[in-house]
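Chemist: Here you go, sequence then predicted model.
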Amino acid sequence: MTKQLRVARWLRSHAASRRVALTLAGATVLAVAPGAAFVAATARTASTPAAVSLTLPAPTGPHRIGTVSLHLVDHARTDPWVPGNQVREIMIQIWYPASTVRGYPTAPWLSAGAVPHFEESQGLPAGAVRLPPTHGHVNAPAKPGHRPVLVYSPAFEADRGFATAQVEDLASHGYVVVTIDHTHDASEVEFPDGRVETATITDADDQTLAQEVAVRTADARFVVDQLTTINAGSNPDAEHRPLPSGMRGAFDLDRIAILGHSLGGATAAAAVHDDRRFQAGVNMDGTLFGTAGPAGSDRPFLLLSSDHPTIPEDPTWDTLFAQHRGPILELRLAGSAHLSFNDGQPLFPQMAGVLGLGADDLAQLVGTIDPGRSLTIQRTYLRAFFDRWLRHRHQVLLAGPSRRYPEVQFVRSHTAG
């Protein structure tokens, strides 16, 4: 059974009896028992409780962070998820070390125009939670440097901001990180003209998920093309909104890697297979779909798994290990669950009261590991992997189990074959 389907099965089995929160392949989905949303909304109106203000953990690196969003249009492709042969358009967000952040506002976790759909789709009463601010400052000037680039692909129906805690930390340590909204796969995407495009994919079977991975992989490759344009001094934003100063030449396009969670992890595997510009890849707890990802490559790859001691290994990961020709490592985070690998890890415990989640529900969502500890470990091992393969720094942490991080289990590995 895939990691995504295990999550979906738990959701279906619990939805009939109580209000629960979980994800289908990583994007938050609220299942509301008949009348539960009305009861929650009525209770809130009657007592008028204060909204829960969510926060994200601070980045750990020495760099302050700038961020900018771009609207990109790929005139060479049509969007397969909507009728009418519309051209493919996506939103991306670039996170980077900034030379100064004074006078530049922090970016929201989710753009204001997308919030109403997010609340509605989750069954949240309007204003029940205040979504967290990020630590990225909009249009802050880029710090001089020629920096390695990471491309991030989120889970199925997840928005580009759903892994901000990981993304910001990597940027604070000197990486440029580009997050992608895969339009009509993401739950909601707001474009500069105020349009909010929502997910159109329903009842995703293996064939549809394989097609999604192919579309997402094409999105990621197109993004790298546009980074090349920015590096040369051009502006690919569809509305030609000004870019932050210092963007020209900021990307070291000989040092690019891709990472993702769930279906985004499957996208990472496919992108590394299909495009040699991706020098390394990371799949966080994602079953592979299609043929490209399981076929592997000759470049380094990391598999980071949730803790599922009673469930057999994902057969698509077995195939990848058999086919992969480069260095590959599988780690398992003890006490983690599927949503431990995005912002669900820090945010769901903060929302437990609003969502009516008990300890068992939280364990199904984000595991039993302490949220802060989980995020610290993930940040540390992701950075170690990218430092090893993009910065060529020796990493003892990747050689075997660590006394400092006993929660990280080394499942299997092999070097280039």
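Modeler: Now that the structure is in, tell me what you want to look at.

Chemist: any weak-confidence spans in the protein?
Modeler: 1-49, 310, 416-417 (pLDDT under 70).

Chemist: State which strand of it is the longest.
Modeler: strand 65-78 (DSSP state E).

Chemist: how about it: buried residues?
Modeler: 65-72, 74 (16 or more other Cβ atoms under 10 Å). All C-beta atoms are positioned from the backbone trio N, CA, C, and that covers glycine.

Chemist: quick one: the host helix or strand of Ala257 to chain centroid distance?
Modeler: Assignment of secondary structure by DSSP states H and E places Ala257 within strand 251-261. Put simply, strand 251-261 sits 14 Å off its chain's centre (Cα atoms, centre = their mean, to the nearest Å).

Chemist: partners of it in the sheet?
Modeler: According to DSSP bridges, strand 251-261 forms sheet pairs with strand 147-153 (parallel), strand 278-284 (parallel).

Chemist: Could you dump those strands into TSV with distance to Ala51 and mean neighbour count added?
Modeler: Shown next, in TSV, are the strands paired with strand 251-261 (distance: least, Cβ to Cβ, whole Å; neighbours: other Cβ atoms under 10 Å):
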stretch	distance to Ala51	mean neighbour count
strand 147-153	29	26
strand 278-284	30	26
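
Chemist: if we can go back for a sec, in its sheet, what does the following helix or strand past the longest strand of the chain sit against?
Modeler: Scanning forward in sequence from strand 65-78 by DSSP H and E, the next helix or strand is strand 87-97. If you go by DSSP bridges, strand 87-97 pairs up with strand 65-78 (antiparallel), strand 176-181 (antiparallel).

Chemist: hmm, who's touching the last one?
Modeler: To tie it back to what came earlier, the one meant is strand 176-181. Contacts to strand 176-181, defined as Cβ atoms under 8 Å, 6 or more residues apart in numbering, come from residues 90-97, 147-154, 159-161, 163, 167, 170-171, 189, 216, 219-220, 223, 227, 250-251.

Chemist: could I have the strand holding Ala257 exported to CSV, CA atoms only?
Modeler: The C-alpha atoms that make up strand 251-261 are tabulated as CSV, following Å, rounded to 0.1, in the frame of the first residue of the first chain:
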residue,chain,number,x,y,z
PHE,A,251,22.2,31.4,-9.1
ASP,A,252,24.9,28.8,-9.6
LEU,A,253,23.2,26.7,-12.1
ASP,A,254,25.9,24.1,-12.1
ARG,A,255,24.8,23.2,-8.6
ILE,A,256,21.1,22.5,-8.7
ALA,A,257,19.2,19.9,-6.7
ILE,A,258,15.5,19.1,-6.2
LEU,A,259,13.6,18.0,-3.1
GLY,A,260,9.9,17.3,-2.4
HIS,A,261,7.4,15.7,0.0
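
Chemist: got the buried residues for the helix or strand that it is followed by?
Modeler: Per DSSP H and E, the first helix or strand lying C-terminal to strand 251-261 is helix 263-274. If you call a residue buried by 16+ other Cβ under 10 Å, then helix 263-274 has these buried ones: 263-274.

Chemist: Considering these, which is situated nearest to Asp285?
Modeler: For the buried residues of helix 263-274, the residue nearest Asp285 by Cβ to Cβ is Gly265; the value is 6.5 Å.

Chemist: How much space separates the closest one from Ser153?
Modeler: 8 Å (Cβ to Cβ, to the nearest Å).

Chemist: and for these two, which residues touch both?
Modeler: Shared contacts of Gly265 and Ser153, counting by Cβ under 8 Å, 6+ apart, come down to Leu259.

Chemist: Return the residues in contact with the residue positioned nearest the centre of the chain.
Modeler: The centre of the chain sits closest to Pro154, judged by Cα atoms, centre = their mean, with a distance of 3.3 Å. Taking Cβ under 8 Å, 6+ apart, we find Pro154 in contact with 26-27, 160, 162-163, 179-180, 182, 186, 260-262, 264, 342.

Chemist: Throw these into JSON lines and include distance to Thr368, thanks.
Modeler: Formatted as JSON lines, the contacts of Pro154 follow (distance: Cβ to Cβ, whole Å):
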{"residue": "Gly26", "distance to Thr368": "19"}
{"residue": "Ala27", "distance to Thr368": "22"}
{"residue": "Arg160", "distance to Thr368": "28"}
{"residue": "Phe162", "distance to Thr368": "22"}
{"residue": "Ala163", "distance to Thr368": "21"}
{"residue": "Thr179", "distance to Thr368": "28"}
{"residue": "Ile180", "distance to Thr368": "31"}
{"residue": "His182", "distance to Thr368": "31"}
{"residue": "Ala186", "distance to Thr368": "29"}
{"residue": "Gly260", "distance to Thr368": "24"}
{"residue": "His261", "distance to Thr368": "19"}
{"residue": "Ser262", "distance to Thr368": "20"}
{"residue": "Gly264", "distance to Thr368": "24"}
{"residue": "Asn342", "distance to Thr368": "17"}
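
Chemist: Show me how far the helix or strand hosting Asp225 is from its chain's centre.
Modeler: Secondary structure from DSSP H and E places Asp225 in helix 206-231. Offset of helix 206-231 from its chain centre (Cα atoms, centre = their mean): 14 Å.

Chemist: Tell me which residues are up against stretch 404-417.
Modeler: By Cβ under 8 Å, 6+ apart, stretch 404-417 touches 298, 305, 321, 324-335, 369, 373, 377, 380-381, 397, 400-402.

Chemist: Helices along the stretch 301-417 of the chain, start to end?
Modeler: Counting by DSSP state H, counting those that start in this stretch, the stretch 301-417 of the chain has helices at residues 315-323, 344-355, 359-366, 371-390.

Chemist: and these as TSV, adding distance to Leu243 and mean neighbour count?
Modeler: Compiled in TSV, the helices of the stretch 301-417 of the chain are given as follows (distance: least, Cβ to Cβ, whole Å; neighbours: other Cβ under 10 Å):
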stretch	distance to Leu243	mean neighbour count
helix 315-323	37	17
helix 344-355	30	20
helix 359-366	36	18
helix 371-390	23	20
